[in-house]
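Colleague: coordinates only, sequence not included:
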């Protein structure tokens, strides 16, 4: 049985994880709207949407705490008053990367640690995440009479896909830079 201190440490760590995801979501959501406002298909769909990449990274790193952080961040960045509509969209936005992660892990037989991911597998995660969010969101729009067709699936898929690929590329470049800096700083072994 875990001690109270250990449980409190886990709770504190989980809250910090959630807050990191919420703040990262808000930052990239605002940045995406600022950078790509011209690429708006409609008020809910963009041809380039950077937070889609944050969805995948949050779920990769933080798991279910990432899902909760995405849910809260989606609610905060929604420009509509809080309603069932906003909550459903936030839930779809938060859950779609977990659906993608679980489906790809099962399909490619990837361990829970995500070790050994190839570029092909990361691309599969990106495609699956973009597709699950685009399909689930647009089905929700359609069945709640907020859209009279599913024409938004393609632009939302493209926007989520491009956003995810841009974020994956930026993270890869940052990790590469860190690796290069580490090699320059590490003293040679004598």
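Modeller: Structure's in. What do you need? None of the values given here were measured: they were computed from a predicted structure.

Colleague: measure the most centrally placed residue in the chain to residue 98 for me?
Modeller: The C-alpha lying nearest the average C-alpha coordinate of the chain belongs to residue 55 (CA atoms, centre = their mean; 0.5 Å). Relative to residue 98, residue 55 is positioned 9 Å away (CB to CB, to the nearest Å). Where you see a C-beta, it was placed from the backbone N, CA and C, and this is true even at glycine.

Colleague: residue 16 now?
Modeller: 20 Å.

Colleague: these two: who's more crowded?
Modeller: Taking neighbours as other CB atoms under 10 Å, residue 16 and residue 98 compare with residue 98 leading, 20 against 12.

Colleague: that older thread, give me the element the residue nearest to the centre of the chain is part of.
Modeller: Per DSSP states H and E, residue 55 falls inside helix 51-62.

Colleague: so what touches that helix?
Modeller: Helix 51-62 is contacted from outside by 17-18, 20-21, 24-25, 28-29, 32, 66-67, 69-70, 93-94, 96-98, 100-101, 114, 125-126, 129-130, 133, 159-161, 163-168, 171, using CB atoms under 8 Å, 6 or more residues apart in numbering.

Colleague: in the following helix or strand past it, what's buried?
Modeller: For helix 51-62, the following helix or strand on the C-terminal side (DSSP H and E) is helix 64-77. Judged by neighbour count (16 or more other CB atoms under 10 Å), helix 64-77 contains these buried residues: 65, 66, 67, 68, 69, 70, 71, 72, 73, 74, 75, 77.
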